[in-house]
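**Q** here is a sequence with its predicted model. Questions after.
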Amino acid sequence: MNLKEKSWGLVGPGAVGLYYGGLLAVDGRQLHVLARSDAAALKSQGIIISRIQAKTGEVLNETTIRPESVATDAGSIGPVDFVLIAAKSTVNERLIEPLKALVEPGRTAILTLQNGMGNAEFFARHFPENPILSGLCFVCVNRVAPGVVENYHPGRVEIGSLQDSWPELAQEAVGAFSAAGVKTNFSPVLDAALWRKLCWNVPFNGLSIAGGAITCDQILADPALKSRARRLMEEVRAAAASFGHEISDSFLDGQFTVTEKMGAYQPSSLIDFVEDRPVEVEAIWGEPLRRGIAAGLEMPELQRLHDSIVQAIQQREASARSQSL
Ligand SMILES: NC(=O)C1=CN([C@@H]2O[C@H](COP(=O)(O)OP(=O)(O)OC[C@H]3O[C@@H](n4cnc5c(N)ncnc54)[C@H](OP(=O)(O)O)[C@@H]3O)[C@@H](O)[C@H]2O)C=CC1
Ligand SMILES: CC(C)(CO)C(=O)C(=O)O
């Protein structure tokens, strides 16, 4: 079969899903979108991707893409060759029913594009006969209107497979993303890549919430928060090492260099927090903490950060309740 004849399903057509799904569709892949609130807009106008100059806000270009189909019922799409999962990990349980219609046992490859740890294992438990891939997205995108995505930083994607068991399929997905113009690498050791990405997400997504809804530049400008970010990275690195994945000093240093260039960036978890949406606490902080502790490590900074995020969310919920009285 010509690889372009393979079908792709998209579950969770938000910022990340519309961006990568849209680019795959521009390259001629058959993209079937399982939509919810954006269904009408996606049907009438398609997916709109705008590339934005991050510093000036200038629109560099805009692309409109018509997916092969847009449906609100997974049954009307049916089984596909690849499923892209790009909903927040907080709703993973709710994705299982619709996924049953899209996933054919033994055939469909499931590619989660979600942040954090434990997502691939979660889908593997529900679909034990299917290859499970994970794509780590180093990109800054935001859905600004139904079906409309702004991209502020093209970034890159790393794709590997759960327990490194399906390298050929991961390579095939790398090929599809690369052909669509996305800088994409194959990750031969997926867990190592996941720990590396957490070196950024744990401190910066976390401190942006625990620091009182602040942006990345504010974390870097505060010496206490900056050194806390470094200690968090050190703990993530120690946990990675206990599973056999070494992370260098220069990699940790590089996380600060990259972040300096991001300016007043709001990590995706901060946007969820300020917009009163569920925050991916378990995938980004809970699971690495549990894994580190299970490996015999003490992770006091991560524990403190995890607890203060949970507390901030509880306070947000309590104040929303009191306002609604
Ligand atoms: N945004 C970014 O720059 C980056 C995000 N990530 C990660 O990518 C993942 C996706 O994030 P992002 O694209 O920002 O998320 P968004 O909030 O933009 O989109 C989430 C999508 O999931 C859909 N959804 C919500 N609940 C369900 C459900 N029960 N069933 C089916 N679909 C559902 C939403 O639909 P509806 O709108 O109708 O509720 C929406 O289409 C996250 O894990 C995030 O951490 C990683 C790197 C960068
Ligand atoms: C690392 C980053 C910024 C994507 O590039 C991210 O994962 C996020 O905003 O949550």
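**A** Here it is on my side, so go on. Every value quoted in this text rests on a predicted model; they were computed, and no experiment measured them. Ligands and ions are numbered 1, 2, ... in the order given.

**Q** buried stuff in the helix or strand that contains residue 64?
**A** Assigned by DSSP states H and E, residue 64 belongs to strand 59-65. Residues of strand 59-65 classed as buried by neighbour count (16 or more other Cβ atoms under 10 Å): residue 65. (C-beta placed from N, C-alpha, C; glycine too.)

**Q** OK, now which residue of the stretch 101-250 of the chain is nearest to ligand 2?
**A** Closest residue of the stretch 101-250 of the chain to ligand 2, Cβ to the nearest ligand atom: residue 138 (4.2 Å).

**Q** I figured that residue hits residue 155, correct?
**A** Yes: if you go by Cβ atoms under 8 Å, residue 138 and residue 155 touch, sitting 4.2 Å apart.

**Q** ok, residue 297 - contacts?
**A** Going by Cβ atoms under 8 Å, 6 or more residues apart in numbering, residue 297 touches 235, 238-239, 242.

**Q** for it, grab phi and psi.
**A** phi -90, psi 160 (degrees, to the nearest 10).

**Q** re earlier: CSV for the contacts of residue 297, including neighbour count?
**A** Formatted as CSV, the contacts of residue 297 follow (neighbours: other Cβ atoms under 10 Å):
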residue, neighbour count
235, 24
238, 15
239, 24
242, 14
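
**Q** what about those residues, which are in strands?
**A** Judged by DSSP state E, the contacts of residue 297 include no members of strands.

**Q** coming back round to it: what number of residues lie near the residue of the stretch 101-250 of the chain closest to ligand 2?
**A** Neighbour count of residue 138, defined by other Cβ atoms under 10 Å: 14.

**Q** before we move on, back to that, for the contacts of residue 297, which one is nearest ligand 1?
**A** residue 239 (19.5 Å).

**Q** quick one: the contacts of residue 297 as a markdown table, columns for distance to residue 279 and pLDDT too.
**A** Below are those laid out as a markdown table (distance: Cβ to Cβ, whole Å; pLDDT from 0 to 100):
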| residue | distance to residue 279 | pLDDT |
| --- | --- | --- |
| 235 | 20 | 98 |
| 238 | 24 | 98 |
| 239 | 21 | 98 |
| 242 | 26 | 98 |
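
**Q** restrict these to those near ligand 1?
**A** Applying Cβ under 6 Å from any ligand atom to the contacts of residue 297, one finds that nothing falls near ligand 1.

**Q** tell me which parts of the stretch 151-300 of the chain are close to ligand 1?
**A** Counting by Cβ under 6 Å from any ligand atom, the stretch 151-300 of the chain sits next to ligand 1 at 268, 280.

**Q** if you set the cut-off to 8 Å instead, what comes out?
**A** When proximity is defined by Cβ under 8 Å from any ligand atom, the stretch 151-300 of the chain lies next to ligand 1 at 201, 205, 268-269, 271-272, 277, 280, 283-284.

**Q** and the helices in the chain, which stretches?
**A** 15-26, 39-45, 92-102, 119-126, 167-179, 190-200, 206-210, 216-221, 223-242, 249-262, 268-274, 281, 287-294, 300-324 (DSSP state H).

**Q** near ligand 2, which residues of the stretch 201-325 of the chain?
**A** Residues of the stretch 201-325 of the chain found near ligand 2 (Cβ under 8 Å from any ligand atom) are 201, 204-205, 262, 265-269.
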